[in-house]
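Novice: Provided below are the primary sequence and the corresponding predicted coordinates.
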Amino acid sequence: MPLGVKEVVVIEREEAKALLRQLRLKPWQLPWIRSSDPLVKMVGAKVGDVVKIVRESQTAGESVVYRFVVPG
Amino acid sequence: MVLREELDNLPRKVIKSIKFGILSPDMIRKYSVMEVTTSEVYDEGGLPVRGGISDRRLGVSEPGARCETCGQTYDVCPGHFGHVELVKPVIHVSYARILYDILRATCPNCGRIMLKEEEIGRYRERLTRLRKGWRLLAQNLQEKIRKKASERTTCPHCGHKRNKVRFDRPYYFYEEIESGALIKLDPETLRERLAKIPNEDLELLGINPTVARPEWTILKVLPVPPPHVRPSIQLETGIRSEDDLTHKLVDIIRMNEKLKIAIETGAPTNVVDNLWDLLQYHVATFFDNELPGIPLAKHRGGRAIKGVAQRLKGKEGRFRGSLSGKRVNFSARTVISPDPNISINEVGVPVDVAKILTVPERVTTWNVDVLRQYVIRGPETWPGANYVITPEGRRIDLRYVRDRKTLSERLAPGWVVERHLIDGDVVLFNRQPSLHRVSIMSHLVRVLPGRTFRLHLAVCPPYNADFDGDEMNLHVLQTEEARAEARVLMLVENHIITPRYGGAIIGARQDYIIGAYLLSQKSTFLSKKEVAYLLGAGKSVEDPQEPAILHPVELWSGKQIISHFLPKDLNWVQPTAFKSKCGDAHNCWGDEWIIVINGHLVKGVLDKKSIGAEQVDSLWHRISRDYPPEEARRWLDSSLRLFLRFLDLRGFTFGFDSVYIPDEAYNEINKIIEESTREVDNLIAELREGRLEAMPGFTVEETFENRVAEILSKVREDAAAVVEKYVKKDVEGYLMAKTGARGSIVNIVQMVATLGQQTIRGERIRRGYRTRTLPHFPPGDIGPYAGGFVRNCFRYGLTPVEYFFHAAAGRDGLIDTAVRTAQSGYMQRRLINALQDIYTEYDGTVRFGEGSLLQLLYGEDGVDVSRTDHGKVADVRLLKLWI
């Protein structure tokens, strides 16, 4: 696992939909991550998936980021 | 009022999208109201020639005349485009680069994209998929398709072998045939080739053929903008001066005529080609006169002609100069100067300025009497009024009203008086560069005599202002909403804590700090008269507390006076700058710790650490944080005035005697310097004999330089210790350095001991010299003195050589700051442009302008820095103190 990253998971379709609904976002309005990113390969996420990444944060100790897997 | 109603009834439309495309020749002709056929502009009578560039059908630019197309006068007629039929087509320079890309990717014979049928199918499918939601990726794919197509040399559709196309900026195209010779491709050939490309193939290259066919970038018809775009100016002498674009258009039309004649008379091809090239040149410079590789089009005087691109580009161009930035009314600008007697919330405004800037005030039954007085006093005497607006919306200029008394009697609710600026008005005050929020704050007006804006010294840091000739801008708010917002949100007192790091940016500095220190000293006692004077300076109306000494005369301690202004429920403990090893605040001798109990300063001296700006865990930080802004401001206002007045009373001066250390000190300092010089000499010997070993990652020379720099910089440190030991502790310079009012120990060392090593770009002085820095040294001298080590101090004077090195290092510092400000300014501009429409949503997420997500929680922790203590959300230690 890369430095500073604590957890990476692909989240379920349904869960992702709920999340996007809550944030009122279209999938591509999330921050992107390329499918060629080592982190994505590690968890085996496919293009169109949403991955949840938990990182260390200077300000909050731990922070959650959702990223949308894009081709490339 | 009437206009407002009309606007309300207008049908509203919403712009959903804007499409950018290229005008086709047919479209240009369709938009055109006339063809320009002659290069003549005016006839002998000075009237516009029909069919010329100033034809009345294009619109009129002088009052009185009527447009022949729409029949309206110049201020209503929007202007109408005309066109010129070019005899031979020319390339539009701005598209030349794109043309080159298209030409390389397509077959000159059949016009198809140089891709196999199956590739086309695959790419098309992928592209349509990506265009739905992945515009950025679609662009990448287009780029990839283009590259792939450009690599092919044989057309997969017709089998044609493609020659290499060469592009010579700005608008020449060549074809390289097998022999290696270059054949020029004229715009006509290019046009033919481009016209052959099918629409479907263009889509693969990222071009929307419905709005931008590539052959349209080769101009057969040139649109002629109406005179509104290029107005002619009538000079006082009666001579008409035409706009640059008009001149350029005349050039184009003239060249077009010449070319036409040449072709009709059957001139030799090289003559025609030359004229054609000239036409191309004029059309190109009409659009952009800063093209690389071709000469600037110039006026007879030698001034470069402004092309269309020049009008839009750059800082003074249409976008940055006219649309993003415009000039405003109700503003003033003048030099600023300090005034310690006004509040930090206030700004001193000269009477002359106050008589010009106005505030519109509605007449009500409650203010009608006052407003009448303003109107009677008129525009000349302050406080008066400059304009009166009647309920019908008519503006009456009081400068031309003979009998203001009668007019004033007509004032009734519904009228508006534009009265002069008076004390207490809210205005915005700004100093450029406006780098952060606190570069613009609202102040309350204090109208004062003089010609400068007056500013409290404590508000200099947010504006980064000083008084060496700085100018600042002032804006008078014109609506009630704006005034209310400014008063609540932008007043200086609400910006004592900066959002940058959650600490006070406004606080005591310089004179205030030294004054506070002297007042808070144990030895300061004040008579009744002095106390009355000082409390008056702080604008206190309360009685002082019981004097510390009752007999034989009543005397108050300085701390009592300071306590008089502190909030009554304030409790605080912190170390001062004079803190020694003593760790227990309550069991210490002297004034090393500040202890405030219930608003009484019982122990400790005030210094920068306690009342200065930007200090973590300080007395002032607590006051500004824990009390309402208004109360904090009041404390600062009165205490700062008090400190300054006390300093006046006591007197404070800094002179030659203040920088004195005894002879023993000099003996020690000399010993230090001699010791170091000897060390460096040893090092030189080591280097010369090759005994010096290189440090890892450095050459021997670099190692030598590092070691020398280390030794010589230690000289100043060691000298500082000696100075600290011998300098009298009550000397002004030392007090200023120690309390943090101004200067540092280094400054004192430079004054009394030694200036130490001078540096340029962080190195000893050697940059740009070969064997020696000055002829005063033997060639190859790399010793301390040849490298810019200044052994003397300011008190006893520098040698000429030392003075030179000092000046060199001083200049280096100046250049460094100049370069740094320019670089960081540009960096900030780019950052602001990139980040400008990011915002925090009500759900705490950070989003881009169109709503996409940037952060799930602002700053990952959702904390507003301006509500923290220097970035810390809550101070646990402090909570304990409260319990």
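Specialist: On my side now, so go ahead. Residues are numbered from 1 along each chain as shown, chains lettered A, B, ... in the order given.
Novice: C-alpha only now, for contacts and for neighbours.
Specialist: Will do.
Novice: so where's chain B uncertain?
Specialist: B:1-7, B:133, B:874-883 (pLDDT under 70).
Novice: what does it put close to chain A?
Specialist: B:Gly133, B:Gly851, B:Ser852, B:Leu853, B:Leu854, B:Gln855, B:Leu856, B:Gly859, B:Glu860, B:Asp861 (Cα under 8 Å from any Cα of the partner chain).
Novice: Report how many residues lie close to the residue lying closest to the third one once chain neighbours are set aside.
Specialist: Residue nearest to B:Ser852 in three dimensions, not counting chain neighbours: A:Gln29, with 4.3 Å by Cα to Cα, 6 or more residues apart in numbering or on different chains. When neighbours are defined as other Cα atoms under 10 Å in any protein chain shown, A:Gln29 has 18 of them.
Novice: which residues does the residue in the stretch 351-500 of chain B positioned nearest to chain A contact?
Specialist: For the stretch 351-500 of chain B, the residue closest to chain A is B:Arg500, as judged by Cα to the nearest Cα, at 14.7 Å. For B:Arg500, the contact set (Cα atoms under 8 Å, 6 or more residues apart in numbering or on different chains) comprises B:Val865, B:Ser866.
Novice: in the chain, what residue sits furthest out from the centroid?
Specialist: Let's take chain A. A:Thr59 (19.9 Å; Cα atoms, centre = their mean).
Novice: meant chain B actually
Specialist: Chain B, Cα atoms, centre = their mean, max distance from centroid: B:Pro552 (62.1 Å).
Novice: and the gap between it and B:Gln521?
Specialist: Applying Cα to Cα, to the nearest Å, the value for B:Pro552 to B:Gln521 is 22 Å.
Novice: Pretty sure the residue nearest to B:Ser852 sits against B:Leu853.
Specialist: Yes - with contact defined as Cα atoms under 8 Å, A:Gln29 reaches B:Leu853; the gap is 5.9 Å.
Novice: Please enumerate the strands of chain A.
Specialist: A:5-10, A:32-34, A:50-57, A:61-70 (DSSP state E).
Novice: for the residue of the stretch 601-750 of chain B found nearest chain A, what are its contacts?
Specialist: The stretch 601-750 of chain B approaches chain A most closely through B:Val616 (18.4 Å), counting by Cα to the nearest Cα. If you count contacts by Cα under 8 Å, 6+ apart, B:Val616 has them with B:Gly503, B:Asp869, B:His870.
Novice: which parts of the helix or strand harbouring B:Lys609 are buried?
Specialist: Element membership for B:Lys609 (DSSP states H and E) is helix B:608-611. By 16 or more other Cα atoms under 10 Å in any protein chain shown, the buried positions in helix B:608-611 come out as B:Lys608, B:Lys609, B:Ser610, B:Ile611.
Novice: Dump the strands of chain A to a markdown table, plus distance to B:Ser150.
Specialist: Formatted as a markdown table, the strands of chain A follow (distance: least, Cα to Cα, whole Å):
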| stretch | distance to B:Ser150 |
| --- | --- |
| strand A:5-10 | 40 |
| strand A:32-34 | 27 |
| strand A:50-57 | 37 |
| strand A:61-70 | 27 |
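Novice: how about the closest residue to chain B within chain A, what does it touch?
Specialist: When scored by Cα to the nearest Cα, chain A has A:Gln29 as its residue closest to chain B, at 4.3 Å. A:Gln29 makes contacts with B:Gly851, B:Ser852, B:Leu853, as judged by Cα under 8 Å, 6+ apart.
Novice: For it, give me the pLDDT.
Specialist: Note for A:Gln29: predicted pLDDT of 89.
Novice: in chain A, which ranges drop under the pLDDT threshold?
Specialist: In chain A (pLDDT under 70), no residue qualifies.
Novice: Spell out which residues of it are next to chain B.
Specialist: A:Leu25, A:Trp28, A:Gln29, A:Leu30, A:Pro31, A:Ser57, A:Thr59, A:Ala60, A:Ser63, A:Val64, A:Val65.
Novice: Scan these and report the most crowded one.
Specialist: Ranking the residues of chain A next to chain B using other Cα under 10 Å puts A:Leu30 first, with 23 neighbours.
Novice: ok, back up a step: which members of the residues of chain A next to chain B are the farthest-apart pair?
Specialist: A:Trp28 and A:Thr59 (26.7 Å; Cα to Cα).
Novice: rewinding a little: keep only those of the contacts of A:Gln29 that are in helices.
Specialist: Among the contacts of A:Gln29, no member is found in helices (DSSP state H).
Novice: quick one: which helix or strand includes B:Leu141?
Specialist: helix B:135-151.
Novice: Repeat that for B:Trp556.
Specialist: strand B:556-557.
Novice: Convert the C-alpha atoms of the helix or strand following that strand to CSV, please.
Specialist: Downstream of strand B:556-557, the next assigned helix or strand under DSSP H and E is helix B:558-565. Coordinates of each C-alpha in helix B:558-565 appear next as CSV, following Å, rounded to 0.1, in the frame of the first residue of the first chain:
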residue,chain,number,x,y,z
GLY,B,558,2.2,51.6,35.3
LYS,B,559,0.6,48.2,35.7
GLN,B,560,-2.4,49.7,37.4
ILE,B,561,-2.9,52.0,34.4
ILE,B,562,-2.7,49.0,32.0
SER,B,563,-5.1,47.0,34.2
HIS,B,564,-7.5,49.9,34.1
PHE,B,565,-8.3,49.1,30.5
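Novice: In contact with the nearest residue to B:Asn386 once chain neighbours are set aside: list those residues for me.
Specialist: In space, and not counting its chain neighbours, B:Asn386 is closest to B:Pro379: 4.8 Å by Cα to Cα, 6+ apart. Taking Cα under 8 Å, 6+ apart, we find B:Pro379 in contact with B:Lys355, B:Ala385, B:Asn386, B:Leu398, B:Arg399, B:His420.
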